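Novice: Mind folding the following:
(one chain, ligands or ions: 2)
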Amino acid sequence: AEAELRRKEALAAVGQATAQVAHEIKNPLGSIRLGVTLLRDMTTDERALSTIELLERGIEHLNKITLDVTRYSRHKPLSLSEVELQNLLEDSIMLVRDRLAEKRAHIERRYSAEPIHGLWDADQLQEVFVNLLVNALDASDDGKPIVVETRLIENSIAGGQAGRGWAVISIEDFGCGMDAATRARIFEPFFTTKKRGTGLGLAIVKRIVEEHGGKLEVESEVGKGTRFTIKLPLVAPVENTADRWASAPGGAPL
Ligand code: ADP
Ligand code: MG
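Specialist: Ligands and ions are numbered 1, 2, ... in the order given. You can find the predicted model right below:
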């Protein structure tokens, strides 16, 4: 237990150092971005323009890394409010609409007939859905659909206490799929098979789902596709909320 605690402290320290580095990169990166934008307007030279494009892509990648690292290491306690699941999914789909259009992909909705209300952290769940949708799009060839399904498992069926039950959300693609070796590592921070990936998306997804007291499952077959299934209790556990952090001796973590 002692060693475990020390390991956790060491990991937290690394996390904070990483977050600090990401933070320090933000300002100079902003200047670089501005400079490159200005350069673009100064020239019509083909070669200069293609170099500028390379720089812009590098800047975007760095920007994504700093954003993801910040989100990963400075995670906030849950801030619960009443959320309607389908609305939240629609908001998330809206956020990826440019990528959907680029891939000429569409979302096939298989929503439960009735609305599903939960006590959750809307912003953090939105991050979960956006990450899963982006991954699904990255994995898919142009024109392939993505199926988003919701289901409600009520307390009578779940056998839980009154007012308790589960929301089940699945996001399925018909893309490249994953072999067993890849699947075994997808939740590791910084594990990526993409040229411009950060490998933080699923690590973030997993933590948010677990803080909500939920479960995350993945089924995948190479060449066929992948389905992520999230099972969320309708009421997230209160021990992971801001209320709890506020009363903790050191206050909220970074
Ligand atoms: P990133 O997207 O930056 O690579 P993630 O943590 O989101 O990081 O994903 C990690 C890896 O998991 C991806 O690089 C990819 O190999 C695999 N993966 C995630 N989602 C899918 C999917 N829907 N289909 C196939 N592979 C996936
Ligand atoms: Mg990702």
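Novice: What pLDDT is listed against the residue of the chain found nearest ligand 2?
Specialist: Closest residue of the chain to ligand 2, C-beta to the ion: Gly201 (2.9 Å). The C-beta positions use only the backbone N, C-alpha and C, and glycine is treated the same way. Looking at Gly201, its pLDDT reads 93.
Novice: What of Gly159?
Specialist: With respect to pLDDT, Gly159 scores 53.
Novice: Then the one 3 residues further on?
Specialist: Predicted confidence (pLDDT) at Ala162: the value is 51.
Novice: Now do the phi/psi pair for the closest residue to Glu219 other than its chain neighbours.
Specialist: Nearest residue to Glu219, sequence neighbours excluded (C-beta to C-beta, 6 or more residues apart in numbering): Arg227, at 4.9 Å. Main-chain torsions, Arg227, degrees, to the nearest 10: phi -130, psi 120.
Novice: just for the stretch 101-250 of the chain, where's the confidence low?
Specialist: The model of the stretch 101-250 of the chain has pLDDT under 70 over residues 156-163, 243-250.
Novice: tell me which parts of it are close to ligand 2?
Specialist: 135, 201 (C-beta under 5 Å from the ion).
Novice: wait, doesn't Val235 sit right on Arg164?
Specialist: Yes. Judged on C-beta atoms under 8 Å, Val235 makes contact with Arg164 at a distance of 6.8 Å.
Novice: hey, what's the residue nearest to Glu219 bridged with?
Specialist: The partner list for Arg227 in beta bridges (DSSP bridges) reads Glu172, Glu219.
Novice: Measure how buried it is and give me the count.
Specialist: Using other C-beta atoms under 10 Å, the number of residues around Arg227 comes to 18.
Novice: now do Gln20
Specialist: The number of residues packed near Gln20 is 13, by other C-beta under 10 Å.
Novice: Is it within a helix or a strand, and which one?
Specialist: In the assignment (DSSP states H and E), Gln20 maps to helix 2-42.
Novice: go on, Asp98?
Specialist: helix 97-102.
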